[in-house]
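J.: sequence? don't have it. structure:
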């Protein structure tokens, strides 16, 4: 399997596996994650999620698996817009999902959205289980990206669709240069200010810089079996939407 740069970016040390460190990191920032997420993106992350959901709308998926669901923002938005029978939010961080459960309960959606701790590279679900599989801003945290994508393909039903949102690095002047300054200075500063967790918000820009993007990601999807793998970028290339289907 190809090793991607984001797989080698570790939050804390070189001794522990990435999955173990990612779990600890997100458990530590769970209570402030939503505030920081919306602050750092100026709220534009909500627009990106809507665009991803719009891709799924024509297919009316009844069962959805949301990988790296975190605090459930995408899962909640998908239920509001798509009204599937059920959404499973899967994540390695119990702390993040506990925040998500509270949000789902407050919205009155607990009957329709559930949370389960899962390793994205070794999902416990049967083959061909879901009409759609999604991931928002989580692929860069996969310990093994190819294995994670392979698992997403395995549990997707034939005729189903994948939808991945991921942060990316703008390619063109002057946005590329401006984003580099923002990611190196503003993101770590605000992260330390609001979460008191220095590591997480140094890890974030470092992992974005080397996560596979563009044609590299669509080629990866194609190798894992997905058809019609495509990419669209938003906000001058800061966010990328990857889509595909399983025949």
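T.: Good, I have the coordinates. All values reported here derive from a predicted model rather than from experimental measurement.
J.: Would you mind finding the longest strand in this structure?
T.: Taking DSSP state E as the criterion, the chain has its longest strand at strand 156-167.
J.: Which positions in it come out as buried?
T.: 156, 157, 160, 161, 162, 163, 164, 165, 166, 167 (16 or more other Cβ atoms under 10 Å). (Glycine included, C-beta is placed from N, CA and C.)
J.: elements contacting that strand?
T.: With contacts defined as 3 or more Cβ pairs under 8 Å, 6 or more residues apart in numbering; DSSP states H and E, strand 156-167 has these neighbours: helix 44-56, strand 130-136, helix 215-223, strand 239-245.
J.: In the chain, what helix or strand scores lowest on average pLDDT?
T.: The weakest-scoring helix or strand in the chain, judged by mean pLDDT, DSSP states H and E, is helix 187-195 (a mean of 79).
J.: Show me what secondary structure element comes after that helix.
T.: Downstream of helix 187-195, the next assigned helix or strand under DSSP states H and E is helix 198-210.
J.: So what touches that next one?
T.: 4-6, 8-12, 25-26, 28-29, 36, 140-141, 167-169, 183-184, 187-188, 190-192, 195 (Cβ atoms under 8 Å, 6 or more residues apart in numbering).
J.: mind redoing it with 6 Å?
T.: 5-6, 9, 11, 25, 29, 140, 167, 169, 183, 187-188, 191-192 (Cβ atoms under 6 Å, 6 or more residues apart in numbering).
J.: Kindly report the same for stretch 143-156.
T.: Counting by Cβ under 6 Å, 6+ apart, 1, 4, 18-19, 120-121, 123, 125, 127, 129-130, 133, 142, 162, 224-225, 246 sit against stretch 143-156.
J.: And that stretch, what's buried?
T.: 143-156.
J.: rewinding a little: which of the contacts of stretch 143-156 are buried? Put it as a ChimeraX command.
T.: Filtering those down to the buried ones (16+ other Cβ under 10 Å) takes a single ChimeraX command:
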select :4,18,19,120,121,123,125,129,130,133,142,162,224,246
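J.: so where's the chain uncertain?
T.: 196 (pLDDT under 70).
J.: thinking again about what came up before, could you redo the contacts of helix 198-210 as TSV and give each row distance to residue 88?
T.: TSV is the format used below for the contacts of helix 198-210 (distance: Cβ to Cβ, whole Å):
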residue	distance to residue 88
5	30
6	25
9	28
11	26
25	23
29	23
140	22
167	24
169	31
183	32
187	30
188	33
191	29
192	34
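J.: So which of the residues you listed wins on neighbours?
T.: residue 140 (26 neighbours; other Cβ atoms under 10 Å).
J.: Do I have it right that that one meets residue 6?
T.: Yes: here residue 140 lies in contact with residue 6, judged by Cβ atoms under 6 Å, at a distance of 4.5 Å.
J.: Touching whichever helix or strand residue 88 is part of from outside, list them.
T.: Assessed by DSSP H and E, residue 88 sits inside strand 86-91. Residues outside strand 86-91 that contact it (Cβ under 6 Å, 6+ apart) are 63-70, 72, 75, 79, 97, 112-116, 118.
J.: What are the buried residues along whichever helix or strand comes after that strand?
T.: Scanning forward in sequence from strand 86-91 by DSSP H and E, the next helix or strand is helix 94-107. For helix 94-107, the neighbour count (16+ other Cβ under 10 Å) marks 95, 96, 97, 99, 100, 101, 103, 104 as buried.
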